[in-house]
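>>> next comes the sequence, and after it the predicted model I'd like to discuss.
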Amino acid sequence: MLWALLGQPPASGFEICSTVGSATGRRCTPRQLMPSLIRLRDAGLVEVDRTGDPHRYALTERGTQAAYDTGPGKPEPAVLVMADLVGFTRFTEQHGDGAAHEQASRLTARARAAAAAHRGTVVKSLGDGVLLRLPPHTDPVPVLQALAADLARGEPTWQLHGAAHLGAPLRHGGDVFGRDVNLVSRLCGLAGPGEALVTGGDESMSVPGVDDAVRVRRVTL
């Protein structure tokens with residue numbers, strides 16, 4: 001629970017559930033989290049902002065230190081890249097779960113090759129998507145474009161939408177956590193078919209769940 005709040009602005013129960021679900025693959029509800037949040041509050045590790053609806057939660061100084069001590073450790077700079085297959089849900093409905101699993105595995109294999117060419121790794125498969133971790137000074141655009149070009153060949157062909165962000169996610173057990181992971185996921189969801197949103201550009205974009213506007217550039221895949 002503590003690592004889900006690390007590096008985050010005060011978060012609602014729904015946002016905490018989203019982070020926990022993305023990291024563990026398990027669904028949860030704010031009601032299920034409430035007993036744990038109350039215990040953390042009583043221990044002085046979490047503070048609660050009750051001025052709005054819903055209530056929002058943040059780590060105290062003690063909570064931050066406890067998260068570092070018991071959780072994934074210090075943040076590590078990295079370029080995070082997320083890519084999703086466009087039209088995967090429709091494909092699954094038309095061709096079935098077996099064919100969908102085959103295409104998801106194809107995406108992961110191609111992403112692994114594209115990342116490895118730049119000394120990066122696949123952090124995890126997300127079914128119709130993948131999350132990559134690249135060294136902090138890597139340009140993510142060639143990785144995304146190589147992956148898109150690879151998947152545009154063969155049968156069936158696929159379009160991608162994707163995102164990339166230079167941040168400092170928390171690394172633990174081969175996985176990554178924190179607000180930078182949430183940001184790249186939300187940007188990927190906002191990208192159009194055949195497009196990637198890369199942070200650090202000239203366009204100002206409002207991103208759900210992020211207080212400040214995010215500067216991005218649009219890249220054709």
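All right, it came through fine.
>>> which one's the longest strand in the chain?
Longest strand in the chain, counting residues (DSSP state E): strand 195-205.
>>> helix, strand, or coil at the residue nearest to Ser12 when sequence neighbours are not counted?
Of all residues not flanking Ser12 in the chain, Pro54 sits nearest, at 4.6 Å (Cβ to Cβ, 6 or more residues apart in numbering). For the C-beta atoms, the positions are set from N, CA and C on the backbone; glycine is no exception. Following DSSP: H, G, I helix; E, B strand; the rest coil, we place Pro54 in the coil state.
>>> so how far is Pro35 from the residue of the chain most remote from its centre?
Centroid-distance maximum for the chain: Asp42 at 30.1 Å, with Cα atoms, centre = their mean. For Asp42, the distance to Pro35 equals 11 Å [Cβ to Cβ, to the nearest Å].
>>> try Arg119
Per Cβ to Cβ, Arg119 is found 43 Å from Pro35.
>>> how about Ala116?
Applying Cβ to Cβ to Ala116 and Pro35 gives a distance of 43 Å.
>>> can you give me the strands for this protein?
Going by DSSP E, the chain shows strands at 11-12, 46-49, 56-59, 78-85, 121-125, 129-134, 160-167, 170-172, 175-177, 195-205, 214-220.
>>> could I get the longest strand of the chain in PDB with only the CA atoms?
What follows is strand 195-205, C-alpha atoms only, in PDB (Å, rounded to 0.1, in the frame of the first residue of the first chain):
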ATOM      1  CA  GLU A 195       0.500   7.900 -32.700                       C
ATOM      2  CA  ALA A 196       2.700   8.200 -29.700                       C
ATOM      3  CA  LEU A 197       2.700  10.900 -27.100                       C
ATOM      4  CA  VAL A 198       6.200  11.700 -25.800                       C
ATOM      5  CA  THR A 199       6.700  14.100 -22.800                       C
ATOM      6  CA  GLY A 200       9.000  17.100 -23.100                       C
ATOM      7  CA  GLY A 201       7.500  18.600 -26.200                       C
ATOM      8  CA  ASP A 202       5.800  22.000 -27.000                       C
ATOM      9  CA  GLU A 203       2.100  21.000 -26.800                       C
ATOM     10  CA  SER A 204       0.400  21.400 -23.500                       C
ATOM     11  CA  MET A 205      -2.000  18.600 -22.700                       C
END
